[in-house]
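>>> Sequence first, predicted model second:
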Amino acid sequence: MTLNGWIQIALYCAVVLALVKPLGSYMTRVFTGERALLSPVLGPVERGLYRVSGIDARQEQHWLAYTGAVILFHVLGFAVLYAILRLQAVLPLNPADQAAVAPDLAFNTATSFITNTNWQSYGGETTLSYLSQMLGLTHQNFLSAATGIAVAVALIRGFARASTGTIGSFWVDVTRATLYVLLPICVPYTLFLVWQGMPQTFSAYVDATTLEGAHQTIALGPVASQVAIKMLGTNGGGFFNANAAHPFENPTALSNFVQMVSIFVIGAALTNVFGRMVRDERQGWAILGAMGVLFLAGVWVTYWAEANGSSVLNGLGLTGGNMEGKETRFGIAASALFAVITTAASCGAVNAMHDSFTALGGLIPLINMQLGEIIIGGVGAGLYGMLIFVIVAIFVAGLMVGRTPEYLGKKIEAKEVKMAMLGILCLPLMMLGFTALATVLPAGLAGPANAGPHGFSEILYAYTSAAANNGSAFGGLSANTLFYNSTLAIGMLVGRFFVKIPVLAIAGSLAAKKTVPASAGTFPTHGGLFVGLLVGVILIIGGLTFFPSLALGPVVEHLAGAAGQTFATGG
Amino acid sequence: MLKQIRPALVLLTALTVVTGLAYPLAMTGLAGVIFPAKAAGSLIERDGTIVGSRLIGQTFAGAGYFHGRPSATTAPDPADASKTVPAPYNAANSSGSNLGPTSAALAERVKGDRDTLKAENAAAPVPVDLVTTSGSGLDPEISPQAADFQIPRIAKARNLPQDRLRELVASHVEGRTLGLLGEPRVNVLALNLALEDLVRR
């Protein structure tokens, strides 16, 4: 580890923190329907959209109607994306003559993008046409992100309101998230990325003749416009196979820095929106504090592990850390930081190959996802995931003192705790259940590229990433098979909806409750004690659930590596 | 549920047109006007032919050129399309090696590369970036140490004084952005183009 590395990390945290309040204030205005900065320009567009869609912006929805709208929007989005992928060969903007995407791959990819997972079974430049990239993937990058924000805002309303039957209008929330939050940031962001060297063109792939006379075909495309929303919406699906490690998808150290900031910025600001809407900003800061503690611990471990290097490289007398799978322009610090950010948030973009990380360096990304991506998390999804844990933590605190638990004046009762546990438990069921299945079935065992414990980690990482809707991978796994495409897609769907639906149920139930005034016996939820309790509950639940699986993968691999052992495939 | 279908259909269509067509098309238009060379892929032309992109690494095999890092990219096997064969710096199929930290294949490959480099220059320690593949397989850059390490070989092949080459490398080192971000690096293609210019003069 170097001083410069830590300065880069500190600068990153400072920039994200500085953006929390301004963006939080802006988004609060947007989602409470007040006039915001861009209302004069976007107001007419927004009202036009409502008029053609027959939406009454003032009509709010019961949580069941809200959920119905969420599901309907996903189903239709899936149908559109699946159709585009299957038909890309006959649609325009296909200069590289990509064939139609196979049914199982199209199913996997469409599922992956509507659930904000953006798992890459597809190969970007080798599989998709320009039209599929923009009309198919870019638009779902916007809409799946906007949906996540909408659900988080609905849950916040549940806490903020009292004795009411409605939690807002999904149509209004999703429109406003797209028009007022995502698009206005993406426009200057795209231009910044092009300035840094990212292509934005519809030209066909270019043939170059090198100085030595060899031929090189260079894949191009409308990259920047997609990368902007891929990062800002914590989608993470790459334009190219190598994702943000590809020099066209992340040309400079500065583009890398800004991409990292844009992964966290909306998720971090949503904690502030939460604080403002429940009329106590300290509540938002407490939640951000708990996220920050977990984040910095992860950064420290991964950076330390990668800077120390792998046993194989060190054994050959090579110093300078584990550079296998990393890019020169980013180096160790910015690659380790990126890996922790992308898995803490549900982004899944990668600027280095996680599969080639050291055992402990790769352990942290796995844990980040297994905890449910609540450390900042996906846009919206991170906040509501964290609030689920808050409910459990408050319940535990209530048990300890023998009082009915309360949070922000709302009594937390059996229904909320059951729904919260449903949201928490569906993830390990998918992650561990499918991993177990894949390690005994021949179709599953055909997947890993690496032998020994690392092969197990590849499978575990895949299902973890899918259920957590992350999308990053230990990329050696051959996942573009019928078995993996379908089981991973199921993991993504369950991971998305069996968290979202309980969250909306909680929102509805909370909104209907009365608010009880705070009393001397109320447990304060804005201080260090609460942050400590929350972090403790998260680590205990995560540790109890996942430690055995981690012991079989990264932990064993670390010990074997330290003993100088290597593993050969096919032996 | 039924009365939700119209908002769902119309809103989805409208937002798809806005975000999936209007936005990328407008951005392509704007980017093409403001940053035409970068939007087109930072291509480098020389004597009327495109020799590559400044941002995309390529294979240099000759002893008289600076070499980039090893690359793990592949291409479909011409004999059997379901298999792949190694094709370093295939800029139409980016990927890393995805070899794990305890992989025997990784250990073997790195050891082979290290021994080759040691034979070429025993005086300096082998830079780690010259024996590890990058994440994209298209890394256009190497560390300044990795460039310096290759100077004796190039000086011999080109019959140039080592000091001239050292100056050349030094003038092509890009520092950290703002003195802080990323790592110092040298663009291999730019360096080799400058090397050609040096030889031509």
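Nice, I can see it. Residues are numbered from 1 along each chain as shown, chains lettered A, B, ... in the order given.

>>> what ranges of the chain fall below the confidence cut-off?
In the absence of a named chain, this looks at chain A. Applying pLDDT under 70 to chain A flags residues A:570-571.

>>> I was after chain B.
By pLDDT under 70, the low-scoring segments of chain B are B:1-2.

>>> Would you state the strands of it in chain order?
B:43-46, B:49-53, B:74-76, B:84-86, B:141-142, B:173-174, B:185-187 (DSSP state E).

>>> Which stretch among those strands is buried most, on average?
Mean neighbours per residue, mean count of other C-beta atoms under 10 Å in any protein chain shown, is largest over those for strand B:141-142, with a mean of 27. For every residue, glycine as well, the C-beta is placed using N, CA and C.

>>> follow-up on the earlier one: using CSV, lay out the strands of chain B together with distance to chain A.
Formatted as CSV, the strands of chain B follow (distance: least, C-beta to the nearest C-beta, whole Å):
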stretch, distance to chain A
strand B:43-46, 6
strand B:49-53, 5
strand B:74-76, 9
strand B:84-86, 11
strand B:141-142, 4
strand B:173-174, 9
strand B:185-187, 5
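
>>> any chance you could map the helices in the stretch 401-550 of chain A?
The residue ranges that make up the helices of the stretch 401-550 of chain A, judged by DSSP state H, counting those that start in this stretch, are A:414-438, A:442-445, A:453-467, A:482-512, A:528-550.

>>> tell me the most buried of those?
Compared across the helices of the stretch 401-550 of chain A, helix A:453-467 shows the largest average neighbour count, a mean of 28 (mean count of other C-beta under 10 Å).

>>> Against which helices or strands is that helix packed?
Secondary-structure packing of helix A:453-467 (3 or more C-beta pairs under 8 Å, 6 or more residues apart in numbering or on different chains; DSSP states H and E): helix A:359-370, helix A:414-438, helix A:482-512, helix A:556-562.

>>> Quick one: closest of these to B:N90.
Comparison of the helices and strands packed on helix A:453-467 against B:N90 by C-beta to C-beta identifies helix A:482-512 as nearest, at 24.0 Å.

>>> From the contact counts, what lies against the closest one?
The helices and strands touching helix A:482-512, judged by 3+ C-beta pairs under 8 Å, 6+ apart, are helix A:63-87, helix A:103-114, helix A:139-160, helix A:381-401, helix A:414-438, helix A:442-445, helix A:453-467.

>>> what sits up against the fifth one?
Contacts of helix A:414-438 with the rest of the structure, by C-beta atoms under 8 Å, 6 or more residues apart in numbering or on different chains, involve A:370, A:372, A:385, A:388-389, A:391-392, A:395, A:444-445, A:447, A:459-460, A:463-464, A:466-468, A:483-484, A:487-488, A:490-491, A:494-495, A:498-499, A:502-503, A:505-506, A:509-510, A:541, A:545-546, A:549.

>>> mind putting the helices of the stretch 401-550 of chain A in a markdown table, distance to A:V293 included?
Compiled in a markdown table, the helices of the stretch 401-550 of chain A are given as follows (distance: least, C-beta to C-beta, whole Å):
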| stretch | distance to A:V293 |
| --- | --- |
| helix A:414-438 | 19 |
| helix A:442-445 | 36 |
| helix A:453-467 | 22 |
| helix A:482-512 | 23 |
| helix A:528-550 | 5 |
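
>>> show me what contacts the residue in chain B positioned nearest to chain A?
Sorted by distance to chain A under C-beta to the nearest C-beta, the residues of chain B start with B:G182, at 2.5 Å. When contacts are counted by C-beta under 8 Å, 6+ apart, B:G182 touches A:252-254, A:256, A:329-331, A:334, B:176.

>>> What are the phi and psi values at the closest residue to it other than its chain neighbours?
Leaving aside its sequence neighbours, B:G182 sits nearest to A:A253 (C-beta to C-beta, 6 or more residues apart in numbering or on different chains; 2.5 Å). Note on A:A253: backbone dihedrals following degrees, to the nearest 10 are phi -60, psi -30.

>>> Could I get the contacting residues of A:A253?
A:A253 makes contact with A:329-330, A:334, B:176-177, B:181-183 under the criterion C-beta under 8 Å, 6+ apart.

>>> Might you name the residue of chain A sitting closest to chain B?
In chain A, the residue found nearest to chain B is A:A253; the distance is 2.5 Å by C-beta to the nearest C-beta.

>>> What distance do you get for that residue to A:G325?
As judged by C-beta to C-beta, to the nearest Å, A:A253 and A:G325 stand 18 Å apart.

>>> Over to A:N241?
In this structure, A:N241 and A:G325 are 13 Å apart, going by C-beta to C-beta.

>>> Comparing those two, which residue is more hemmed in?
The residue with the greater number of neighbours, taking A:N241 and A:G325 and applying other C-beta atoms under 10 Å in any protein chain shown, is A:G325; the counts read 30 against 25.
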